[in-house]
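>>> starting from these lines, generate the structure:
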Amino acid sequence: MSMSMKDYSEKRDFYRMQVDSEIQITDSQGRSFSALCKDLSGTGMQLFVSEAIEEGAELHTLMPSTNDQFPPFETVSTVVRCTADGDGYLLGTSITKVKR
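Coordinates of the predicted model:
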């Protein structure tokens, strides 16, 4: 699809897929917690978490698979944005490594 055919608000190299799936996160201190992955693209994710996480923090994520034929989606990601949203926070993350 050419750039002129893309909607103005979505001029990205990778489209965002709305997923709304539970995801497990482990931070650099080894703390693990559940979050909600709101959307996923080829280079990043938007996560809804209960506590703020500072920009630049490295996170290890694991999204379970709902199909036995596909492995869980596991990444190393960096927080690029953290904004308050209702009773939690929305994290914008950049995927730095796909582990599987």
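>>> can you pull the buried residues of the biggest strand by length in the chain?
In the chain, ranked by residue count with DSSP state E as the criterion, the top strand is strand 73-85. Buried residues in strand 73-85, defined by neighbour count with 16 or more other CB atoms under 10 Å: F73, T75, S77, T78, V79, C82. For the C-beta atoms, the positions are set from N, CA and C on the backbone; glycine is no exception.
>>> state the mean pLDDT of that strand.
Throughout strand 73-85, pLDDT has a mean value of 97.
>>> and the next helix or strand after that strand, how far from the chain's centre?
Next along the chain after strand 73-85, taking DSSP states H and E as the criterion, comes strand 88-98. On the basis of CA atoms, centre = their mean, to the nearest Å, strand 88-98 sits 4 Å off its chain's mean C-alpha point.
>>> identify the residues contacting the spatially most central residue of the chain.
Closest residue to the average C-alpha location of the chain: M45 at 2.4 Å, with CA atoms, centre = their mean. The contact partners of M45, by CB atoms under 8 Å, 6 or more residues apart in numbering, come to I23, C37, K38, D39, T61, T75, S77, T93, I95.
>>> do E54 as well
E54 touches V79, C82, counting by CB under 8 Å, 6+ apart.
>>> secondary structure element for it, which one?
Using DSSP H and E, E54 falls outside every helix and strand.
>>> okay, it: pLDDT?
96.
>>> scan the helices and strands of this protein for the one with the lowest mean pLDDT.
strand 17-27 (a mean of 92; mean pLDDT, DSSP states H and E).
>>> buried stuff in that one?
V19, S21, I23, I25.
>>> what are the pairing partners of that strand, and which direction each?
Sheet partners assigned to strand 17-27 using DSSP bridges are listed as strand 32-40 (antiparallel), strand 58-63 (antiparallel).
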